[in-house]
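Chemist: okay, here's the prediction I keep looking at, along with the sequence it came from:
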Amino acid sequence: MNKFEPIIRPMFCKKCFAEHHPVLGDVFAEHIKNVLRVLQLDYNPPMKHIGITPHLISDANEKLDLIELTTYCTINGCGVETKWNKEKENFTVHLQRPTIYTLPINDWKALQRYIDSDYSLLNS
Ligand SMILES: [Zn+2]
């Protein structure tokens, strides 16, 4: 397998669902033009998006006919910690708590292509 390029996709996070995120004021990371950027949510997302959060998929490994994904919920305080770097004047994103998902390879191919036009934390 070639070197894996990390991507972000909306996925279900049990912890965020239990704690009712995403919500107004949440700090989260998103991929914008291939750069991981830190943003603050400036609106309350609809109820149907509770528990659905941006996940950084940092690695994918084939295991027989399955794929094992290493993912991080990018809500600050959940799967990542974001810190302001004074010298560089930017945020750094520290990966904290991975969630491992195992998917059939065809589901993984579909997830890579999938753009959910109904889901975005970037615009209200
Ligand atoms: Zn989460």
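Modeler: Yes, it's here.

Chemist: mind giving me the packing neighbours of the helix or strand encompassing Thr53?
Modeler: Under the criterion of DSSP states H and E, Thr53 resides in strand 52-63. Counting contacts by 3 or more Cβ pairs under 8 Å, 6 or more residues apart in numbering; DSSP states H and E, strand 52-63 packs against strand 7-12, strand 27-32, strand 66-73. Where you see a C-beta, it was placed from the backbone N, CA and C, and this is true even at glycine.

Chemist: residues of the chain that sit close to the ion?
Modeler: Applying Cβ under 5 Å from the ion, we find that the chain lies next to the ion at 13, 15-16, 53, 73, 75, 78.

Chemist: need those residues in TSV with pLDDT, can you?
Modeler: What follows is the residues of the chain next to the ion, written out as TSV (pLDDT from 0 to 100):
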residue	pLDDT
Cys13	96
Lys15	96
Cys16	97
Thr53	95
Cys73	97
Ile75	96
Cys78	96
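
Chemist: which of those tops the neighbour count?
Modeler: Highest neighbour count within those: Cys73, with 28 neighbours (other Cβ atoms under 10 Å).

Chemist: what residues are up against the residue most central in space within the chain?
Modeler: Closest residue to the average C-alpha location of the chain: His55 at 1.6 Å, with Cα atoms, centre = their mean. Residues near His55 by Cβ atoms under 8 Å, 6 or more residues apart in numbering: 8-11, 13, 71-74, 79, 99.

Chemist: if we go to 7 Å?
Modeler: Counting by Cβ atoms under 7 Å, 6 or more residues apart in numbering, His55 touches 8-9, 11, 71-74.

Chemist: check which residues of the strand holding Thr53 are buried.
Modeler: Buried residues in strand 52-63, counted by 16 or more other Cβ atoms under 10 Å: 52-57, 60.

Chemist: what angle do it and strand 66-73 make?
Modeler: 150 degrees (axes from the mean of the first three to the mean of the last three Cα atoms, to 10 degrees).
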